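Novice: Could you look at this predicted model? Sequence included:
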Amino acid sequence: MRAISNPPNPYDSQHRELLEPPSRATVMVYEDQTREILSRNESPDLPFCWSVNPYRGCFHACAYCYARPSHEYWGFGAGTDFDSKIIVKEDAPLLLRRAFDKPSWKGELIVFSGNTDCYQPLEASYGLTRACLSLCADYRNPVGIITKGVLALRDLDVLRRLNQDAWVRVYFSIPFSSDDVARKVEPQAPSIGKRFEAMKTLADAGIKTGISIAPVIPGLNDGDLPVLLERAHQAGARTAVAILLRLSGSVEPVFLERMQAAFPDRIGKIIARLREVREGAMTDGEFFRRHAGTGVYWNMIEQLFSVAKRRAGFMDDDAGAIPNTFRRPGVEQTSLF
C-alpha cells in the first residue's frame, strides 16, 4: 500500500496536522446507512440514468478514477482514503427489491456501478453485487456492468439468467496493454491478462462483452489502442469505447502526484499532451465535451481508434434499443401497465 495522501477536502472545515510521518494505508470498512440504493444521474451525455453502488471507494486505487471526489461527501479524502476506506451498503439487496416493487419503477437499465467497481475484492466476502444481480434476474431488469474485476466469473450463472430473460452487457475496463504501466497507475487491479481471460470466458458462455479503454491518457497509453482492440476482439468482445481522461476537482492533484512518482521522465509529456487536446486546460467538465478532446492530436487519436477498431474486426456497435423485459415475480406482464 502507498503512504496516505489526500488533497484538501473542500467539505471539511477542520485543520489537522500530522505529529508523525504518514502511516501506510490499510483497508477500513464503513457502513452506509442511507435508505436508497438506486442513484440517478441527469447527465445528458451518458447512456444510462440509473446505477447501483453496493460500495463507495475502491481498493483498485486507480490514480485517474473520476469518482474520487464523491468520497469527500462522506468526510473522507479523495486520495488514499478513496482506496482504503471502503463504504459498504449491506442492505443493498433489500433496498433494491423495495425499489423494484414500487409501481413507479418501469424496468430501466441499471449500471453496476457509477462510483465504484462492483467487483472489487470486498465483493468476494460480502456478495452484494451478486445478490443485487440475482434480483435483477428475478425481475428481468436490464443490466450493464463496467468492471476490472475478474470476480465476475463467479456470477456466470446469474449473468446467463440475465442474458436469457432480460438484457446484460459486461464491459471490462482495460486502458493499458502493459502490466508494468498498469501496476503503476491502477496498482491493485487484476492483471491485464486476467481481465482478457475473464472477457473470453464470458463471451464463450454467450454473454455479450465489450472493452472500455478509459481513460485515454495522451502521452501514456494512446499508442496502446490497436493492441487492446485486437486482444479484445480475439477475446470475444462485441463493442469498444475509448474515453479521454477527466481530471475533475480533486482527481487532478491525486493523478499528478502519482504520475510524477511513477513516470518522472514522462510526466511533462503527459501534461503537455493533455493541455493540447483540452485547449490549454487540464480538463473540461462541459457535457458532450468532457469525454473527448479537440485539435490535431486528438483527431489523430480518434482516427487511430477508428482504424484499429475496424481492422480488429469490430462490426456491431450494439446500438439497438434495450428491450422492455421487466416483470415482477408472480405478476403477469400484462397487469403491469
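Specialist: Received, thanks.

Novice: which residues of the protein fall in strands?
Specialist: 28-31, 38-40, 50-52, 55-56, 85-88, 110-112, 143-147, 168-173, 209-216, 239-244 (DSSP state E).

Novice: Mind checking these for the one nearest to residue 73?
Specialist: Across those, residue 73 has its closest neighbour in strand 55-56 (9.1 Å, Cβ to Cβ). In short, each C-beta sits where N, CA and C put it, glycine included.

Novice: Neighbouring strands of that closest one in the sheet, and parallel or not?
Specialist: In the sheet containing strand 55-56, the strands it pairs with under DSSP bridges are strand 85-88 (antiparallel).

Novice: same question for stretch 76-85, mean pLDDT?
Specialist: Averaged across stretch 76-85, pLDDT comes to 96.

Novice: should've said stretch 291-307
Specialist: Mean pLDDT, stretch 291-307: 97.

Novice: Next, the buried residues of that stretch.
Specialist: Along stretch 291-307, the positions that meet the burial threshold by neighbour count (16 or more other Cβ atoms under 10 Å) are 291, 292, 293, 297, 298, 301, 302, 304, 305.

Novice: Can you give me the pLDDT of residue 16?
Specialist: Reported pLDDT at residue 16 in the predicted model: 43.

Novice: do residue 162 as well
Specialist: Confidence for residue 162, expressed as pLDDT, is 98.

Novice: Residue 131 versus that one, what's the distance?
Specialist: Distance of residue 162 to residue 131, given as Cβ to Cβ, to the nearest Å: 14 Å.

Novice: Settle it for me: which of these two has more neighbours?
Specialist: More neighbours sit around residue 162 than around the other of residue 162 and residue 131, counting by other Cβ atoms under 10 Å; the figures are 24 against 16.

Novice: send the alpha carbons of the longest helix seen in the chain over as CSV?
Specialist: Secondary structure of the chain read by DSSP state H shows that its longest helix is helix 295-312. Below are the C-alpha coordinates for helix 295-312, written out as CSV (Å, rounded to 0.1, in the frame of the first residue of the first chain):
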residue,chain,number,x,y,z
GLY,A,295,-7.4,19.6,-32.0
VAL,A,296,-5.0,17.9,-34.3
TYR,A,297,-3.5,15.4,-31.7
TRP,A,298,-7.0,14.3,-30.5
ASN,A,299,-8.1,13.9,-34.1
MET,A,300,-5.1,11.6,-34.6
ILE,A,301,-6.2,9.5,-31.6
GLU,A,302,-9.7,9.2,-32.8
GLN,A,303,-8.6,8.2,-36.3
LEU,A,304,-6.2,5.6,-34.8
PHE,A,305,-9.1,4.2,-32.7
SER,A,306,-11.4,4.1,-35.6
VAL,A,307,-9.0,2.4,-38.0
ALA,A,308,-7.7,-0.1,-35.3
LYS,A,309,-11.3,-1.0,-34.4
ARG,A,310,-12.2,-1.7,-38.0
ARG,A,311,-9.0,-3.8,-38.6
ALA,A,312,-9.6,-5.8,-35.4
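
Novice: Just the angle for that helix relative to strand 239-244, thanks.
Specialist: With axes from the mean of the first three to the mean of the last three Cα atoms, to 10 degrees applied, the angle from helix 295-312 to strand 239-244 works out at 160 degrees.

Novice: tell me the angle helix 295-312 makes with strand 209-216.
Specialist: 160 degrees.

Novice: So what's the gap between helix 295-312 and the chain middle?
Specialist: For helix 295-312, the gap between its own C-alpha mean and the chain's C-alpha mean amounts to 23 Å (Cα atoms, centre = their mean, to the nearest Å).

Novice: Check stretch 300-318 too.
Specialist: Mean C-alpha position of stretch 300-318 versus that of the full chain (Cα atoms, centre = their mean) differs by 21 Å.

Novice: now what about that stretch, what contacts it?
Specialist: Where contact means Cβ atoms under 8 Å, 6 or more residues apart in numbering, the residues beyond stretch 300-318 that reach it are 169, 208, 210, 213, 216, 218, 222, 225-226, 229-230, 232-233, 237-240, 242, 277, 292-293.
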